[in-house]
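Asks: sequence first, predicted model second:
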Amino acid sequence: MRHARTPTLLCCTVAALFAACSSGSSAPQDAAADAAGDAAADRAGLDAPPADFTAADAADALPDTLDDRVGETPGDAAADAVEDTGPTCPFGCPPGYCDEATGFCLFCDANNECPLPTQWCKGDLCVETFCKPGDKTCAGATLAQTCTQDGQAWDQTQCTDGFACQGGECIQTICTPGEYTCNKGLKHVCLPNGSGFIDAPCPPGQGCFVDVCAPIQHNLQVIFDTSSSMASIGFGDTVPCICPAGCKAKPFPACEDSLCPQSKLGLSKYVFNKFFDTELIAAVNLVITHFAMRIKYPAVTSCNNIMALGRGWYGLDMMASDWMTGDNGDHVTADGGWFDKYLYEILSVAFPKTYEEDTLESAKLWVNFNEEVGPTPTPCTAHTDCPGGFCAPDGGPKVCWYHTDPELRALGNTPLGRALFYAGEVYRKQIVVNGKKCQKDEDCKNRNYYCSAGGACKDPFASCRTNLILVFTDGVEEPPTSPSAFFNPRTQAKRFRYGLGCASDDDCFSGSTCTGGLCKNYPHPYTGGASVPTNTETPWRLQDYNGDPILITTHVIDMSAGDGTDNNMSIAEDGGGTYYNPDSLDPDALLEKMLSIIDIKQNLLDCVPNYE
């Protein structure tokens, strides 16, 4: 945009140009003069004069008479400049197409669009009307409209039943507006017009499961001590009778009244029954494991002593029940190997594969003070023919018998280290299966996971879930293992939470640091940290199928009379969890502590889902 210049500058410039044009100097001098004139014009904000510029042209550029400008003050010149300033169309705008009010060029063709979005090209002139001819839009969920050819009105069409407006067209609806299903953790929401779907996240801290947004569940694996000492009645421990009328035994195989338990095992099952009925249990995915047990046709079917009271339909001696069948000391068990084959020996309640599975009701069967077995038509000659059951006659040839109502019992030793290692393998194989190869969702065998486009199991909320182990025990590890051994319970708890050996701090977790090739310097609120497990055997940490760490916090509820307190307290410290040793076996106090463990307070902003 050019502005009005003062007469003095214009006159000087024109005079200079006139003198240059009328000079009779040589060519180099002419060139120098031309350059000087151009520079002067540039400094004045003017375009250089054309080559055929003459004195007459210069005279025409001057005011009609110099007297017209004589006597003007600077204020007069400034006012003239303001009056002369206004919108100017871009250079090259064809005559007749300049909108002097706005400075827009209204010429349009295939290469020149109209300057404003509300304008359209009519011929070669930009015009603005009520709407753009041919434009389509929706005036409502079922009302389509098209702009008329003159751009002065909308031509509306009411969509018929089963059709909705999308982009100004009536299209067939495929869903009910607002309704949604779940798709890989996201809401798969029907659009307001019913024409399709859009994926949207649930509120913070929630994911889409089945067909509803719900809080993201954490993972809890309970290791239930099923050693023979759990069947004790007054053997160094005080087991209160909680029934006002007095505790009385029940016939085999129950042996104890569910409302009046006599043993630590019975009291524990009494508390777990209440635990499973609380609302807070819905906050976790529940898995229950126990020490290795195998059912057998019992030689004794009475409740006349501690062994009969705790055994039920299990019939192995103490030493035979310590480890799982086939355990060869592997630090990582192979898929399809001995661990998977004999998993039933330690697993009460598996991780749910689908949301249709009611694992809570399955858990209650194990603590309902009732145990039943029944025959099947499957013939057998030995117990090995009946995995998870036993081989016995049923009024004729031998057939396989299995539990129809299982029960936690008390027999054998207290292999806490092995039990924790087995719990880690359950976590790795059933609970946190990130990266497991798959072709379809069902291959993941876990309701939190789906098969990703890359053919690997994926849980978009894996980083939001807290992984817990609750060791519910009544004594010290038996037979004992060295604190430096890989299968020591303290070693396993530390491996799950902080890591074992290390080359740098990156190999340690949860705030621990690498010191002398060992992950150390983590909190010891109970013992003061006088010692830490020194084992550095590999793998240093529990890993998922991607090789990423699975971080687990181990809590311990210790019902021992004190003989296992120090060691069990250290298990909780090395696992980053809490330790609870009740002064008395008070069922209400036990329940309160168990609920506090799963009452996880999480900052919802820390939960960042990883959607595909």
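Replies: Right, received. Where do you want to start?

Asks: look up how far Gly417 lies from the nearest residue to Cys514 once chain neighbours are set aside.
Replies: Closest residue in space to Cys514, ignoring its immediate chain neighbours: Cys502 at 3.8 Å, by Cβ to Cβ, 6 or more residues apart in numbering. For every residue, glycine as well, the C-beta is placed using N, CA and C. Distance of Cys502 to Gly417, computed by Cβ to Cβ, to the nearest Å: 21 Å.

Asks: show the pLDDT at the spatially most central residue of the chain.
Replies: Among the residues of the chain, the one closest to the centroid is Phe461, at 2.2 Å (Cα atoms, centre = their mean). pLDDT for Phe461: 96.

Asks: what's the answer for Gln262, then?
Replies: Among the per-residue scores, Gln262 shows a pLDDT of 80.

Asks: tell me how many other residues crowd it.
Replies: 25 (other Cβ atoms under 10 Å).

Asks: Asn183 contacts Asp199, doesn't it?
Replies: Yes - the criterion here is Cβ atoms under 8 Å, and Asn183 meets it with Asp199 at 6.0 Å.

Asks: can I assume Val127 is in contact with Gln119?
Replies: Yes - at 6.4 Å, Val127 counts as touching Gln119 under the criterion of Cβ under 8 Å.

Asks: okay, those two: which has more neighbours?
Replies: Per other Cβ under 10 Å, whichever of Val127 and Gln119 has more neighbours is Gln119, with 18 against 15.

Asks: isn't that one up against Cys131?
Replies: No - Gln119 is beyond contact range of Cys131, at 11.6 Å (criterion: Cβ under 8 Å).

Asks: helices along this protein, start to end?
Replies: Taking DSSP state H as the test, the helices found in the chain are 7-22, 27-43, 55-61, 74-84, 264-276, 306-311, 338-341, 359-365, 416-426, 489-497, 565-574, 587-598.

Asks: mean pLDDT for those: which is lowest?
Replies: Here the lowest mean pLDDT among the helices of the chain goes to helix 7-22, at a mean of 36.

Asks: where does pLDDT dip in the chain?
Replies: 1-86, 233-246, 298-301, 304-309, 315-321, 561-563 (pLDDT under 70).

Asks: could you chop it up by domain?
Replies: Following automatic domain parsing, one gets these domains for the chain: 7-84, 98-128, 216-371+406-600.

Asks: highest mean neighbour count out of those?
Replies: Burial of the domains of the chain is given as mean neighbour count (mean count of other Cβ atoms under 10 Å); domain 216-371+406-600 ranks first at a mean of 19.

Asks: starting at the chain centroid, how far to that one?
Replies: Put simply, domain 216-371+406-600 sits 25 Å off its chain's centre (Cα atoms, centre = their mean, to the nearest Å).

Asks: gap between the two ends of that domain?
Replies: From its first residue to its last, domain 216-371+406-600 covers 11 Å (Cα to Cα, to the nearest Å).

Asks: repeat for stretch 97-104
Replies: Using Cα to Cα, the end-to-end distance of stretch 97-104 comes to 8 Å.

Asks: hmm, who's touching it?
Replies: Applying Cβ atoms under 8 Å, 6 or more residues apart in numbering, the contact partners of stretch 97-104 are Gly86, Pro87, Thr88, Cys89, Cys105, Leu106, Phe107, Pro115, Leu116, Leu125, Cys126.

Asks: who's in contact with the second one?
Replies: Applying Cβ under 8 Å, 6+ apart to Pro87 gives the contacts Met1, Asp99, Glu100, Ala101, Thr102, Gly103, Phe104.

Asks: switch these over to TSV; also include distance to Ile431.
Replies: Compiled in TSV, those are given as follows (distance: Cβ to Cβ, whole Å):
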residue	distance to Ile431
Met1	72
Asp99	71
Glu100	76
Ala101	72
Thr102	68
Gly103	69
Phe104	67
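
Asks: wait, which of these is closest to Asp574?
Replies: Phe104 (76.2 Å; Cβ to Cβ).

Asks: show me what contacts the residue nearest to Tyr342 when sequence neighbours are not counted?
Replies: What sits nearest to Tyr342 in space, not counting adjacent residues and going by Cβ to Cβ, 6+ apart, is Thr325, at 4.4 Å. By Cβ under 8 Å, 6+ apart, the residues touching Thr325 are Ala292, Arg294, Trp338, Lys341, Tyr342, Glu345.
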